[in-house]
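Participant: only the shape, not the letters, is given here:
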């Protein structure tokens, strides 16, 4: 039985590989060009076709990106001295709203690139592009630099805005549109994701803010609301509450700082709502720190107003923090397990809060009942009700 399942699995994988190869090799170009080598790239429905000429170290290639609508751009690039986006030498096809295609070259010098036309670090004597039935094809001849035949490659697609390339999405396919290509052996390999250091900083930014605003802040609020009802927790609950919230604020400031740095390094990529909520959270967190320093004594007549202010800003911070964590997850678009994990943490905190809320009300109502039972004995005697009752008897 095990051998049969193994055989069926091998047949299935073979069919997938063969169908992919057929899709790549069976394509007919409008100029009837024939390419000796063709590979289907792992993401974004893209294919690379080429003929390598060892005599003069050139490559005639066709990069094909399927399912491209108008007002979009596609690009394929070699990174001669590095990997990922920065330093990539790109062939770009700009699809205008009227369906016309504008091909050109662009050297990518940073993450905030606008893909402006520029010359590359190697010669491209021929470049043209077309869009046929939703497939955008870039044809080019490359003079490979330094006699090399193996390079890192990058490919992308993004929107066109006001006739110029806009920032491409940051989904998992976009981040994984990187790999290697060897024009002699015909081998291609997957890379480790576009923008290694930038992606690492994005992930660091996300983790810091999820832990601070999205987890520690709610935990600190729960300590203040539920531990204070226990007499044995006085005054420890206050110091625990302060310690958690100050830690959350410190971690949150670090996350906010990494966000500012990411924004400055990613010119042209804007997430306005996420950014504005982040600024608001920093402001609210700072107000809460000052509130701690300016806290009136319990018997001060202004203490009630301070309590309202402190609780209002606190709950607003928690709500905005959780909202912004989800917005950040949508931007980063990590594996689903990370979003599910955070949802699981929130559900756990909510369940604990619900249990503690019920237990807190039980204790409060029980104490009020005990106090009410104790009051009549002393009060009746002092008001004369007890004596009158005796005389009547």
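Facilitator: Okay, I see it. Computed from a predicted structure; not experimentally measured. Numbers count the residues shown, from 1 in each chain.

Participant: so which residues of the stretch 1-150 of the chain form strands?
Facilitator: Along the stretch 1-150 of the chain, counting by DSSP state E, counting those that start in this stretch, strands occupy 37-40, 46-53, 58-65, 72-79, 88-95, 101-107, 126-132, 135-143, 150-161.

Participant: now render the ones you listed as a markdown table, adding mean neighbour count, distance to residue 294 and mean pLDDT.
Facilitator: All C-beta spots, glycine's among them, are computed from the backbone N, C-alpha and C. Converted to a markdown table, those look like this (neighbours: other C-beta atoms under 10 Å; distance: least, C-beta to C-beta, whole Å; pLDDT from 0 to 100):
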| stretch | mean neighbour count | distance to residue 294 | mean pLDDT |
| --- | --- | --- | --- |
| strand 37-40 | 19 | 64 | 89 |
| strand 46-53 | 19 | 59 | 93 |
| strand 58-65 | 21 | 59 | 94 |
| strand 72-79 | 24 | 54 | 92 |
| strand 88-95 | 24 | 53 | 92 |
| strand 101-107 | 18 | 55 | 93 |
| strand 126-132 | 16 | 64 | 94 |
| strand 135-143 | 20 | 61 | 95 |
| strand 150-161 | 19 | 47 | 90 |
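
Participant: I'd like these laid out as TSV, including distance to residue 306.
Facilitator: Supplementary listing: these in TSV, determined by distance: least, C-beta to C-beta, whole Å:
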stretch	distance to residue 306
strand 37-40	64
strand 46-53	60
strand 58-65	60
strand 72-79	55
strand 88-95	56
strand 101-107	57
strand 126-132	64
strand 135-143	62
strand 150-161	48
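
Participant: how about the residue nearest to the spatial centre of the chain, what does it touch?
Facilitator: Closest to where the C-alpha atoms of the chain average out (C-alpha atoms, centre = their mean) is residue 332, at 1.7 Å. Each residue near residue 332 by C-beta atoms under 8 Å, 6 or more residues apart in numbering is listed here: 170, 202, 203, 206.

Participant: quick check: helices, which of the residues you listed are part of them?
Facilitator: Taking DSSP state H as the definition of helices, those contribute 202, 203, 206.

Participant: going through those, which ones are buried?
Facilitator: Applying 16 or more other C-beta atoms under 10 Å to those, the neighbour count classes 202, 206 as buried.

Participant: just to revisit the earlier point, how close does the residue nearest to the centre of the chain get to residue 249?
Facilitator: Between residue 332 and residue 249 the computed distance is 23 Å (C-beta to C-beta, to the nearest Å).

Participant: how near is residue 286 to residue 221?
Facilitator: When C-beta to C-beta is applied, the distance between residue 286 and residue 221 equals 17 Å.

Participant: and the contacts of stretch 288-302?
Facilitator: Outside stretch 288-302, the residues that touch it by C-beta under 8 Å, 6+ apart are 242, 245, 246, 249, 303, 306, 309, 310, 313, 314, 317.

Participant: I'd like those residues laid out as a markdown table, including secondary structure.
Facilitator: Putting the contacts of stretch 288-302 into a markdown table (DSSP: H, G, I helix; E, B strand; the rest coil) gives the following:
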| residue | secondary structure |
| --- | --- |
| 242 | helix |
| 245 | helix |
| 246 | helix |
| 249 | helix |
| 303 | helix |
| 306 | helix |
| 309 | helix |
| 310 | helix |
| 313 | helix |
| 314 | helix |
| 317 | helix |
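
Participant: so where do the helices sit in the stretch 201-350 of the chain?
Facilitator: For the stretch 201-350 of the chain, applying DSSP state H, counting those that start in this stretch gives helices covering 217-226, 236-265, 272-293, 303-332, 336-383.

Participant: highest mean neighbour count out of those helices?
Facilitator: Highest mean neighbour count of those: helix 217-226, a mean of 21 (counted as mean count of other C-beta atoms under 10 Å).

Participant: starting at the chain centroid, how far to that one?
Facilitator: Averaging C-alpha coordinates over helix 217-226 and over its chain gives two centres that are 27 Å apart (C-alpha atoms, centre = their mean, to the nearest Å).

Participant: before we move on, what about stretch 305-322?
Facilitator: Per C-alpha atoms, centre = their mean, the displacement of stretch 305-322 from the mean C-alpha position of its chain is 26 Å.
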